[in-house]
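Undergrad: Here is my input; please provide its structure:
(one chain, ligands or ions: 2)
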Amino acid sequence: TTRVFSAFQATGRLTLGNYLGAILPAVRLQDEAACVYAVADLHALTVRHDPAVLRARTREVAALLLACGLDRSVLYLQSRVPAHTELSYLLESTAYEGEMRRMIQFREKSAAQEEVRLSLLTYPALMAADILLHRADLVPVGEDQRQHMELTRDLALRFNRRYGETFVVPEAVYPRVAARVMDLAVPTAKMSKSSASEAGTVYLLDPPADIRRKIMRAVTDSGNEVRYDPAGKPGVSNLLALLAACSGRPVESPVHSSYGALKKDTAEAVIEALAPVRERFAVLSADPAELDRILAAAAARVTEETSGLLAAARLAIGLA
Ligand code: ATP
Ligand code: MG
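TA: Ligands and ions are numbered 1, 2, ... in the order given. Model (predicted):
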């Protein structure tokens, strides 16, 4: 069977970008493959954080992923499985400093901070470890992860070549529409859960009134023609992609006479798509003990199922 893995950082509240770019594709893959998904709480330590907030966010992200429909997979917390950090070190010892520094995400995130944590630089090694540990064939991710996915493949190939066949070389899968959801207020920037752009970010738990307000105030482009053209009309194209992804219809159908009409349709489609997620989240939140039980069982299972791969990697690289 095909094996699937993906992870979501516990850096903030999950966004519509996370949902369309990775969560929905991950939900769909459950029908055809063996899926394992993680809340990447270790990755959340790469940027400034508050311990209590991280702990709460981690649980919220886990419950929300279940509410989105990832309840037919193994869902666990990255930090509960120490094999991630151990394999990460083996991959740091396979990667080069230069290739880490070339990562666009490192450049962008480090430029936005005064104190850059060393873990932000080594982050792609941990991400590669997450994926390779599971011998994943497919990794559903958004477009922004393209460079990290290529590095993951490079590291797997390099390790296999040097030390013998150990890792499965994974394939990224990007959604056909909305693979890169843009910020509604700054349509040239990616929508991110850790960005400060509250007005431009739709969170999965936003009440309908907030979603409507944010989309109706979305920055659009000059002119008034509704046309899909991401380079020339980033704002309008972003709304068209959101509408298509949330309604399941192709981009640019139906035809809209004005920006206002497009925004209205988009807002309603997004609200409708997220309504069941909000409802299920409310139910799950009422039973924290059940969430603990699910996460504990999943961590035990992952620890067990990944021990063979970790042992093989240790042996291959020369650890006695
Ligand atoms: P952060 O700002 O902390 O990096 P993020 O919103 O980028 O948060 P991640 O946890 O880094 O979220 O990524 C989780 C998944 O969501 C990844 O597969 C990523 O590619 C995808 N994703 C993130 N942002 C978008 C977006 N704007 N459009 C489509 N997919 C996205
Ligand atoms: Mg990210």
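Undergrad: Tell me how many other residues crowd the closest residue in space to residue 171 that isn't next to it in sequence.
TA: What sits nearest to residue 171 in space, not counting adjacent residues and going by Cβ to Cβ, 6 or more residues apart in numbering, is residue 138, at 5.5 Å. For every residue, glycine as well, the C-beta is placed using N, CA and C. Neighbour count for residue 138, taken as other Cβ atoms under 10 Å: 21.
Undergrad: Show me what residue 138 is bridged to.
TA: residue 4, residue 171 (DSSP bridges).
Undergrad: contacting residues around it?
TA: Neighbour list for residue 138: 2, 3, 4, 29, 33, 170, 171, 172, 173 [criterion: Cβ atoms under 8 Å, 6 or more residues apart in numbering].
Undergrad: just how off-centre is stretch 228-241 within its chain?
TA: Distance of stretch 228-241 from its chain centroid, counting by Cα atoms, centre = their mean, to the nearest Å, is 22 Å.
Undergrad: How about the closest residue to ligand 1 within the stretch 51-200 of the chain: what's its closest non-neighbour residue?
TA: Nearest to ligand 1 in the stretch 51-200 of the chain, going by Cβ to the nearest ligand atom, is residue 142, at a distance of 2.3 Å. Distance criterion Cβ to Cβ, 6+ apart; nearest residue to residue 142, sequence neighbours excluded, is residue 21 at 3.0 Å.
Undergrad: same thing with residue 153?
TA: residue 169 (5.4 Å).
Undergrad: residues touching the one you found, list them.
TA: Residues near residue 169 by Cβ under 8 Å, 6+ apart: 153, 156, 157, 160.
Undergrad: tell me the SS of it?
TA: Under DSSP: H, G, I helix; E, B strand; the rest coil, residue 169 falls in the coil class.
Undergrad: For the closest residue to residue 168 other than its chain neighbours, grab phi and psi.
TA: Counting by Cβ to Cβ, 6+ apart, residue 168 lies nearest to residue 135, which is 4.4 Å off, once chain neighbours are set aside. When read as degrees, to the nearest 10, the backbone of residue 135 gives phi 50, psi 40.
Undergrad: and the nearest residue to residue 73 once chain neighbours are set aside, what element?
TA: Of all residues not flanking residue 73 in the chain, residue 35 sits nearest, at 3.9 Å (Cβ to Cβ, 6+ apart). Per DSSP states H and E: residue 35 is located in strand 34-40.
Undergrad: How much space separates whichever residue of the stretch 201-320 of the chain sits closest to ligand 1 from residue 269?
TA: Here the stretch 201-320 of the chain gets closest to ligand 1 at one residue, residue 201, 8.7 Å apart by Cβ to the nearest ligand atom. Using Cβ to Cβ, to the nearest Å, residue 201 is found at 17 Å from residue 269.
Undergrad: between the two, who's got more neighbours?
TA: Set residue 201 next to residue 269 and count neighbours by other Cβ under 10 Å: residue 201 wins out with 23 against 20.
Undergrad: show me what contacts the more buried one?
TA: Counting by Cβ under 8 Å, 6+ apart, residue 201 touches 15, 16, 17, 183, 184, 191, 192, 193, 195, 214.
Undergrad: and stretch 231-242, which residues are buried?
TA: Under the neighbour-count criterion of 16 or more other Cβ atoms under 10 Å, stretch 231-242 has 233, 234, 235, 236, 237, 238, 239, 240, 241, 242 buried.
Undergrad: Contact partners for residue 29?
TA: Contacts of residue 29 (Cβ under 8 Å, 6+ apart): 4, 35, 138, 140, 173.
Undergrad: And residue 45, by the same measure?
TA: Listed by Cβ under 8 Å, 6+ apart, the contact set of residue 45 reads 54, 117, 119.
Undergrad: Which single one of those residues is nearest to residue 95?
TA: residue 119 (13.9 Å; Cβ to Cβ).
Undergrad: And the helices in the stretch 151-300 of the chain?
TA: With DSSP state H, counting those that start in this stretch, the ranges of helices along the stretch 151-300 of the chain come out as 208-216, 234-247, 259-285, 288-317.
Undergrad: circling back to that earlier point, which among the contacts of residue 169 gets closest to residue 250?
TA: residue 153 (31.0 Å).
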